[in-house]
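K.L.:
predicted model, plus sequence, below.
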Amino acid sequence: MKRRKILLAVFGLSFSVSMAGCSSKEKEDLPVDSSSKIEEDGENPLPEEGSTGAPEEGQETLEPQGDGAEVVYTEEMREEKGEDGVTLLSIKEVFPSITIKGREEAAKKINDYYAGEKEGFQTSVNELLTMAKNSYAFVKEEGTAEERWNEYMIERSYSTAYSNEKLISILSGNYEYSGGAHPNYGTTADVFDLSTGERLTLDQIFNDKEAAISHMEQQVIGQIKERGEENFFPEYETSVKDILKDEFWYFSDKGIKIISNPYMLAPYAAGEIEFTIPYEELKELKEEYKG
């Protein structure tokens, strides 16, 4: 298989997480940007009809971030099979490796962070594989494996949501299927200072975190009322603070994005939901982080 590189212009790129219903997400890959420009052997062919632009197995995706920074995303796909050749678990992972010109220590710090995340993902893979082996053994013993068995699936896919000369926002798409009516999925975010490699927290970006959290809480509630409260859980107002945590926010070109995964504020069928708090509304945000 040929190796290809996808060059994505992501300087100032904003990311939008699609709303998805229960049936549309089952056994599907997480969304991949289809606006990629593909280069192979010096040529730039148009995507084939029906192509999604998704990277192929073993493919590296190069994303220049501006100011000497670039991220290479490497995709790996594999299957774990039983002794009879039946697929027990399908695994997909897309992990980043960052290079920052003149800031090697900062890049190392970010790469070390994702090395730790990769180890954690492998632990999850091992746990799910054990579950899959046990479940398959059960249906096989019952004699119903052919009708009832559906392979388990797990995915961790990282992608750049936004970057500028100071920072980068990277999203983690997580997907898991272990039987049942539908898979579980969700997104978390990491924001890094490109000069230090430090992962930024809400404590670090605001002059007054408590005031900022209170302000953002009211902003989210206001946006929910505009969208229609009937699409959310009746008690959603008491749960808004649950999404105002370090793993659910990131910088975009328009402001801070807040992620609400299925079941956090709304039913599974509502999918992932994002709220944007414009920079001009973030009075407590430190000056160096304003867009």
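P.N.:
Everything's here; your move.

K.L.:
bridged to Leu171, which residues?
P.N.:
Beta-bridge pairing for Leu171 (DSSP bridges): Ser159, Ala189.

K.L.:
and it, how far from Ser214?
P.N.:
The gap separating Leu171 from Ser214 is 26 Å, by Cβ to Cβ, to the nearest Å. Just so you know, the C-beta spots here come from the backbone N, C-alpha and C atoms, and that holds for glycine as well.

K.L.:
with Ile98 instead?
P.N.:
34 Å.

K.L.:
and these two? Which one has more around it.
P.N.:
Ile98 (25 against 14; other Cβ atoms under 10 Å).

K.L.:
neighbours around Glu247, how many?
P.N.:
14.

K.L.:
ok but it is inside a helix, no?
P.N.:
Yes - using DSSP: H, G, I helix; E, B strand; the rest coil, the assignment for Glu247 is a helix.

K.L.:
the closest residue to it other than its chain neighbours: what's it in contact with?
P.N.:
Nearest residue to Glu247, sequence neighbours excluded (Cβ to Cβ, 6 or more residues apart in numbering): Thr188, at 4.4 Å. Shown in contact with Thr188 (Cβ atoms under 8 Å, 6 or more residues apart in numbering): Leu171, Ser172, Asn174, Glu247, Phe248, Ile259.

K.L.:
recalculate using a threshold of 7 Å.
P.N.:
Ser172, Glu247, Phe248 (Cβ atoms under 7 Å, 6 or more residues apart in numbering).

K.L.:
so which of those residues comes closest to Tyr268?
P.N.:
Closest approach to Tyr268 among the contacts of Thr188 (Cβ to Cβ): Phe248, at 17.3 Å.

K.L.:
my guess is the closest one contacts Ile256, does it?
P.N.:
No - Phe248 lies out of contact with Ile256 (Cβ atoms under 7 Å); the separation is 10.4 Å.

K.L.:
ok, the two, which is more surrounded?
P.N.:
Ranked by neighbour count (other Cβ under 10 Å), Phe248 and Ile256 place Ile256 first, with 26 against 19.

K.L.:
now that one: closest residue in space that isn't a chain neighbour?
P.N.:
Ile277 (4.8 Å).

K.L.:
right, and Asn174 touches Ala189 too?
P.N.:
No - using Cβ under 7 Å, Asn174 makes no contact with Ala189, being 11.6 Å away.

K.L.:
so the two - more neighbours on which side?
P.N.:
Per other Cβ under 10 Å, whichever of Asn174 and Ala189 has more neighbours is Ala189, with 20 against 17.

K.L.:
next up, the contacts around the more buried one.
P.N.:
Here Ala189 is in contact with Ser169, Leu171, Glu247, Phe248, Trp249, Tyr250, Ile259 (Cβ under 7 Å, 6+ apart).

K.L.:
in terms of distance to Gly228, which of these ranks first?
P.N.:
Relative to Gly228, and with distances defined as Cβ to Cβ, the nearest of the contacts of Ala189 is Ile259, at 19.3 Å.
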